[in-house]
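Asks: Coordinates for the following, if possible.
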Amino acid sequence: MDEEPNKNYFGITQIIPVYLTAVWELMRSLAMGYTYGPEYKEGWFSIFIRALGLLIPGISAHCVTNYVNSIRLGKFRGIRSSY
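Replies: Numbering: from 1, shown residues only. This is a model prediction of the structure:
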């Protein structure tokens, strides 16, 4: 790889989008239960991790619930066989 995507991860031009993502993740986690139903409501520990993302940038964007909800809410585009 010739160049790293974020050479200066804690530079001002890189840190602002990371904090905005943390705020967005916190707001989204609080609204998921109301938007998609009670089975998508996050627990207090998960909300705590998202709030911790405001102090430690980048941690809230990689919660396990993000990956699980993306599979549950995504559209299935499976391979159609000719059989």
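
Asks: Every contact and neighbour count from this point should use C-alpha atoms.
Replies: OK.

Asks: For the protein, which segments count as strands?
Replies: Read by DSSP state E, the chain holds no strands at all.

Asks: Need the pLDDT of the most centrally placed residue in the chain.
Replies: Centroid-nearest residue in the chain, with C-alpha atoms, centre = their mean: residue 61, separated by 3.8 Å. If you check residue 61, the pLDDT there is 76.

Asks: How many residues are close by residue 57?
Replies: The number of residues packed near residue 57 is 19, by other C-alpha atoms under 10 Å.

Asks: list the contacts for it?
Replies: By C-alpha atoms under 8 Å, 6 or more residues apart in numbering, the contact list for residue 57 reads 15, 18-19, 22.

Asks: Could you tell me which of these count as buried?
Replies: The neighbour count (16 or more other C-alpha atoms under 10 Å) marks 18-19, 22 as buried among the contacts of residue 57.

Asks: remind me, longest helix of the chain?
Replies: Using DSSP state H to define each element, the chain has its longest helix at helix 12-36.

Asks: and that helix, what does it pack onto?
Replies: Applying 3 or more C-alpha pairs under 8 Å, 6 or more residues apart in numbering; DSSP states H and E, we find helix 12-36 packed against helix 44-52.

Asks: farthest pair in the contacts of residue 57?
Replies: Using C-alpha to C-alpha, those span at most 10.6 Å, a distance reached by 15 and 22.

Asks: who touches the longest helix of the chain?
Replies: Residues contacting helix 12-36 (C-alpha under 8 Å, 6+ apart): 6, 8-9, 39-42, 47, 50-51, 53-54, 57-58, 60-61.
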